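J.: Build me a model from this:
(one chain, ligands or ions: 1)
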Amino acid sequence: MTDYRTLESDARGRIDAAADLAALEALRIEYLGKQGSVSLLLKTLGAMSPAERQEKAPEIQHLRQTVADALAARKAAMEAAELETRLAAETLDLTLPAPEAPRGTVHPVSQVMDELAEIFADLGFAVATGPEIEDDWHNFTALNMPESHPARAMHDTFYFPEESGAQGRTTAQQGGRMLLRTHTSPVQVRTMLSQGAPVRIIAPGRVYRSDSDATHTPMFHQVEGLVIDKAIHLGHLKWTLETFLKAFFEREDIVLRLRPSYFPFTEPSVEVDVGFAIDGGRRVLGGSGDEPGHGWMELLGSGMVNRRVIEAAGLDPDAWQGFAFGVGVDRLAMLKYGMDDLRAFFDGDVRWLRHYGFSAFDQPTLSAGVGARA
Ligand code: DAH
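T.: Sure, this is the predicted structure:
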């Protein structure tokens, strides 16, 4: 009896003191395993006399049960404590503010292109595209700039290395020497060739010239406009540009001045100036450039499409005519949003992008304002 009591309190003490589940398991084996001390006690019952067995059996059974219960209780307590610690370590406070996620911005060039697409879509223009790696024929020849044309020299063209056999080929099929397009005007030719007439498109995109300073970068952006139909005239051109610029700059007092000019692909050609005023040392578009304190700023090139271009693009110049224009997208962005160094557009400096960039949610719409800022 005393032996059992001692064994029991000894076992309880050790079980309560067990440091971890492994130690507890070792104790279980020590007491209740096949060779465990309590198990061996149970085996002694068989050799006992019935009277002795009747007396000892309940005590040994009680001992076995007590040890088993103590082990189970201690095990449950340990597992609960372990879960507690894990839960405490894995705590997630859902009331904390969301972590600062890296946020990008829409580049002003992309924003302006979206604004242009929106404005011109409202006037019935589709967006057309052409390849940046262009051939000589589409970039120059078809635009009435044959090989010897002096205007070619003004384009500072990036040519690809000449491939054998490509020299001197200047038909639409052969294309000629490959180059990085110097303007978006070849899209005029490509669009007329691929979809015929009538045409009403804008073609925004990258163009390349070997030139670099504060207002020129080797890659920049232009948007081309082209309308080809039966009875299009210069009045349509002027109305379209005026409507576009008023919507783009979001002011009604935009005044245009058309000056005679020269481009090989238009005849007649006009250079379009826009009136500005000086406000706090800055040029602000609006009003006639002829008012005192005002001036004219050259903005874009345009004109009636030269019949030789219409012909090169596979259309009958006696049946079809129209106007075209080309304008720098980066320039438009600078005028509207106030940047003064074009080179910063393409530096990828995140501070500049954060300052001049737009929220992806700031979709230009005619109703909410094409230049709305979040
Ligand atoms: N392609 C000309 C340039 O890059 C711009 C231009 C002028 C485009 C007159 C036109 C136009 O469509 O009619 O300098």
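J.: Name the residue of the stretch 51-200 of the chain that lies nearest to the ligand.
T.: The shortest separation between the stretch 51-200 of the chain and the ligand is 3.3 Å, found at residue 183 (distances taken as CB to the nearest ligand atom). Every C-beta, even on glycine, is put in place using the N, C-alpha and C of the backbone.
J.: my guess is that residue contacts residue 222, does it?
T.: Yes: counting by CB atoms under 8 Å, a contact exists between residue 183 and residue 222, whose distance comes to 5.9 Å.
J.: which residues are in contact with both of the two?
T.: Taking CB atoms under 8 Å, 6 or more residues apart in numbering as the contact criterion, the common neighbours of residue 183 and residue 222 are 207, 326.
J.: Quick one: residues contacting residue 292.
T.: With contacts defined as CB under 8 Å, 6+ apart, residue 292 has no neighbours.
J.: element containing it, please.
T.: In this structure, residue 292 is located outside every helix and strand according to DSSP states H and E.
J.: and the gap between it and residue 278?
T.: 11 Å (CB to CB, to the nearest Å).
J.: Check which helices and strands the longest strand seen in the chain sits against.
T.: For the chain, the longest strand by residue count, based on DSSP state E, is strand 266-279. Under the contact criterion of 3 or more CB pairs under 8 Å, 6 or more residues apart in numbering; DSSP states H and E, strand 266-279 touches helix 234-249, strand 256-263, strand 282-285, strand 294-305, strand 321-328.
J.: and the stretch 251-374 of the chain, which residues reach the ligand?
T.: 263, 266, 301-303, 324-326 (CB under 6 Å from any ligand atom).
J.: Throw those into CSV and include distance to residue 42 and neighbour count, thanks.
T.: Below are those laid out as CSV (distance: CB to CB, whole Å; neighbours: other CB atoms under 10 Å):
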residue, distance to residue 42, neighbour count
263, 110, 22
266, 111, 24
301, 107, 22
302, 107, 26
303, 111, 24
324, 105, 25
325, 104, 23
326, 102, 22
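J.: still on that earlier bit, dump the residue contacts of the residue of the stretch 51-200 of the chain closest to the ligand.
T.: The neighbours of residue 183, taking CB under 8 Å, 6+ apart as the test, are 139, 155, 207, 222, 224, 326.
J.: who does the longest strand of the chain pair up with?
T.: According to DSSP bridges, the neighbouring strands of strand 266-279, each with its direction, are strand 256-263 (antiparallel), strand 282-285 (antiparallel), strand 294-305 (antiparallel).
J.: Contact partners for residue 104?
T.: Applying CB under 8 Å, 6+ apart, one finds that residue 104 lies in contact with 353, 357, 360.
J.: Quick one: the strands in the stretch 101-250 of the chain, in order.
T.: Taking DSSP state E, counting those that start in this stretch to define them, one finds strands in the stretch 101-250 of the chain at 126-127, 133-135, 178-180, 199-208, 219-229.
J.: quick revisit: among the strands paired with strand 266-279, show me which one is buried the most.
T.: Using mean count of other CB atoms under 10 Å, the stretch among the strands paired with strand 266-279 with the greatest mean number of neighbours is strand 294-305 (a mean of 20).
J.: between that one and strand 219-229, how many degrees?
T.: Comparing the axes of strand 294-305 and strand 219-229 via axes from the mean of the first three to the mean of the last three CA atoms, to 10 degrees yields an angle of 60 degrees.
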